[in-house]
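Chemist: Next one to model:
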Amino acid sequence: MNFRSLSTQMVLSFTALVLLTVTAVGVPAIWLMREQMSRQAWQQVEHGSRATRALYTARRSEIIDLAVLTAQRPTLRQLVTSGEVEALSAYLDTLRAGAGLDLMVICTQGQQVAQASGPLDTDVCQDVRLSQFQVGQVGSPPRVWLLAAHPLGGEGASLGEVIVGIAVDDAFARGLSEQTGLEHTLLMGGQPVATSFSGGLTAQSDIDCRVFQPSPSVGATQGTCTIRGRPYYFARLSWEGTELEDEVALDVGDTAATQRRLVGILVGSIVTVAAAGSVIGVILARRIGGPLGRLTGAATRMSQGDLSSPVTVETGVREIALVAQALDNARADLQHTLSHLRNEKAWTDHLLEAIVEGIVTLDQHDRITFFSHGAERITGWSRDEVLNRACDEVFRTVDREEPFSQLVPAPGRKHKVVVELAGGRQVTLAVTGARLTPPEEGDAEVALVFRDVSEEEAVHRLLGHFLANIAHEFRTPLSALAASTELLLDGASELSPAELEQLLTSLHLGVVNLQTLVDNLLESASIEAGRFHVYPRRTDLGEIIADAMRTMQPLLDKRGQRLAVQLPAAIPVVRADPRRVAQVLVNLLANASKYGPDHAEIAIGATTEDGWVRVTVADRGPGIPREYRKILFRRFMPPSPGANEAQYGTGLGLSVVKAIVDAHGGQVGVDDRPKGGSIFWFTLPMVEGA
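Modeler: Predicted coordinates:
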């Protein structure tokens with residue numbers, strides 16, 4: 001380089017002037033911004049400390065108020081007075097869940113009467129002595145609790161006291177973190193007991209605190225710490241009147257990163273401006289930088305995606321013209337390649353959207369890098385919510401100690417994993433794994449294809465339950481038939497008429513039970529195959545009811561059950577298939593007899609309204625819970641969730657009832673019966689003019 005040439009001196013002069021100007025302006029500005037950011041961070045810590053104190057005061061008042069409100073409940077006093085411990089515990093558990101508490105205890109004369117708590121397994125009345133509020137350690141191993149007590153009075157006499165509490169655990173710390181926007185670590189006696197940091201208390205082992213200083217403005221000790229390699233500003237404050245302390249920490253890693261970016265921007269600005277000064281010097285000196293600048297602009301447009309503008313440079317320099325021509329040829333080739341890649345990507349995206357299975361890719365750190373539309377539909381998570389998150393956070397395993405990342409199958413293998421997804425929904429996923437890049441590469445990714453097989457698993461379980469029940473249903477009447485037949489073969493001549501009648505009745509009941517079971521199986525099969533039909537005709541409802549009564553009378557007589565029939569004076573004439581409707585009544589009467597007590601009354605009734613006949617079968621069984629009625633008439637569902645195993649049937653009878661009634665255009669349902677039991681009802685169309 002010729003330092004005496006005008007172009008060289010101009011370039012060097014412009015570069016030196018730019019460097020001095022940027023340095024004189026940029027360095028003080030960065031120092032001022034750094035101080036301002038640090039001051040704002042400490043102010044945020046102080047605001048968080050004040051907010052934490054306010055939250056503690058509010059939480060203390062809330063717990064005391066909840067103790068007072070709980071003690072003043074009349075129902076609670078009645079249950080304590082009556083001594084019904086189970087009812088009292090259930091009531092306390094309902095109150096605890098509704099109030100968002102972790103502990104609720106009733107103490108009488110220092111003895112625990114009832115307790116509603118999740119993780120606590122100790123006699124609180126023996127371990128805790130408090131007048132109104134305290135922070136203490138309870139249980140084994142000891143845990144920290146916010147506790148409040150209030151006397152439970154009634155009729156002028158003390159019935160004991162109510163103790164309520166909230167566990168000071170990681171969930172409590174995370175609640176503080178959500179409300180203040182800062183991280184919280186709670187200490188008792190100088191030992192950490194709860195934290196909002198991910199990883200729990202185990203993260204406390206990687207803390208390096210260097211500087212401490214008192215802060216009179218918030219009544220706390222402030223300092224700086226490094227937690228798992230990230231810098232934090234923190235303040236340690238004591239909760240008034242207790243040994244509990246709270247370290248409020250603010251992550252200032254982003255602030256430090258911003259400061260580094262400012263330095264980078266300054267250096268980049270210096271280099272850019274120096275380069276610009278050099279270009280200006282060259283242009284002024286030699287007026288040759290114009291074509292080069294146009295070539296640079298064309299290359300910039302290409303890097304920004306503009307491949308449609310041709311590269312045209314008018315210059316008398318042959319070398320620059322050749323460079324311009326080569327750049328234009330590269331632009332055309334790149335445009336053609338990019339268009340082809342876009343078409344391929346569009347086709348791939350369309351294919352992935354059409355696949356109903358979920359597709360997820362994981363990097364070497366088990367972070368999610370791709371989340372298909374099928375995965376969004378199955379999991380309930382959106383793509384923006386899960387990208388770059390650990391797969392163990394999105395797919396939380398249920399009833400297993402291993403995280404999801406350790407259950408990922410090898411390439412070509414398939415595993416079924418029960419996980420908890422968005423909204424707490426638990427599903428069974430069939431997961432298949434594949435490796436996208438060779439394992440020798442350090443950034444190899446894993447692709448997972450999964451689908452929701454929860455319904456298939458449920459069907460398998462229901463089918464197994466159905467096969468077990470139907471085997472039991474066949475074995476019971478067949479055993480009775482075999483025993484009765486054997487008695488008849490061995491000693492029919494020696495049996496009295498009453499004994500013969502009893503054996504014949506048992507044979508008849510077995511045949512009736514088998515016939516009902518086979519009818520339900522055949523009807524269910526025809527419904528499933530789409531070959532189910534009814535043939536309605538003008539039919540007397542009384543004849544249908546009498547036919548069903550004749551079929552069921554031996555079973556009712558065996559259990560001493562009475563059948564009461566209440567029909568209108570003018571027995572309705574309906575348009576129905578008599579055999580099918582009789583089967584409906586037989587199924588309903590069989591359930592009423594099976595789930596009802598011996599020597600009880602079963603009532604059959606009928607009413608007419610607006611061209612329809614409503615037929616009812618009322619029993620004195622255990623009743624049907626309201627939440628169960630929505631699935632009561634599905635296949636494989638037992639009639640009563642409160643029945644024991646011996647009472648379970650095949651779960652087909654009520655589904656056949658609904659199919660028959662629906663085929664007649666009617667409706668079917670169940671209501672509560674006064675004084676206990678259920679009323680099953682269905683409707684049939686009346687014959688006009690009858």
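Chemist: contacts and neighbour counts: CA atoms only from here.
Modeler: Noted.
Chemist: Quick check: residue 616 is in a helix.
Modeler: No: if the criterion is DSSP: H, G, I helix; E, B strand; the rest coil, then residue 616 is strand and not within a helix.
Chemist: tell me the pLDDT at residue 280?
Modeler: Looking at residue 280, its pLDDT is 72.
Chemist: try the one 5 residues further on
Modeler: Reading off the per-residue confidence, residue 285 sits at a pLDDT of 56.
Chemist: What of residue 599?
Modeler: At residue 599, pLDDT is 90.
Chemist: Is it correct that it falls within a helix?
Modeler: No: if the criterion is three-state DSSP, then residue 599 is coil and not within a helix.
Chemist: That one: neighbouring residues, count only.
Modeler: Neighbour count for residue 599, taken as other CA atoms under 10 Å: 14.
Chemist: Quickly note the distance from the most centrally placed residue in the chain to residue 416.
Modeler: Centroid check for the chain by CA atoms, centre = their mean gives residue 424 as the closest residue, at 1.3 Å. Relative to residue 416, residue 424 is positioned 19 Å away (criterion: CA to CA, to the nearest Å).
Chemist: Residue 254 too?
Modeler: 41 Å.
Chemist: ok, those two, which is more surrounded?
Modeler: Counted by other CA under 10 Å, residue 254 and residue 416 do not tie: residue 416 has more neighbours, with 18 against 11.
Chemist: List the strands paired with whichever strand or helix holds residue 447, with their directions.
Modeler: Assigned by DSSP states H and E, residue 447 falls within strand 446-452. Applying DSSP bridges to the sheet, strand 446-452 is found paired with strand 358-362 (antiparallel), strand 426-435 (antiparallel).
Chemist: and the ones you listed, which one's lowest on average pLDDT?
Modeler: Minimum mean pLDDT among the strands paired with strand 446-452: strand 426-435, a mean of 85.
Chemist: Output it as CSV, nothing but the C-alphas.
Modeler: Only the C-alpha atoms of strand 426-435 are listed here, as CSV (Å, rounded to 0.1, in the frame of the first residue of the first chain):
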residue,chain,number,x,y,z
GLN,A,426,-54.5,-38.2,30.6
VAL,A,427,-54.2,-40.2,27.4
THR,A,428,-52.4,-43.3,26.2
LEU,A,429,-50.0,-42.6,23.3
ALA,A,430,-48.6,-45.2,21.0
VAL,A,431,-45.2,-43.8,20.2
THR,A,432,-42.8,-44.8,17.3
GLY,A,433,-39.3,-43.4,17.1
ALA,A,434,-36.9,-42.7,14.2
ARG,A,435,-33.5,-41.1,13.9
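Chemist: Check which residues of it are buried.
Modeler: 426-435 (16 or more other CA atoms under 10 Å).
Chemist: what does stretch 603-620 give?
Modeler: Those buried within stretch 603-620 under the rule 16+ other CA under 10 Å are 603-606, 608, 612-620.
Chemist: Quick check: the farthest pair among those?
Modeler: 612 and 620 (26.2 Å; CA to CA).
Chemist: Give the burial count for residue 308, as a bare number.
Modeler: 11.
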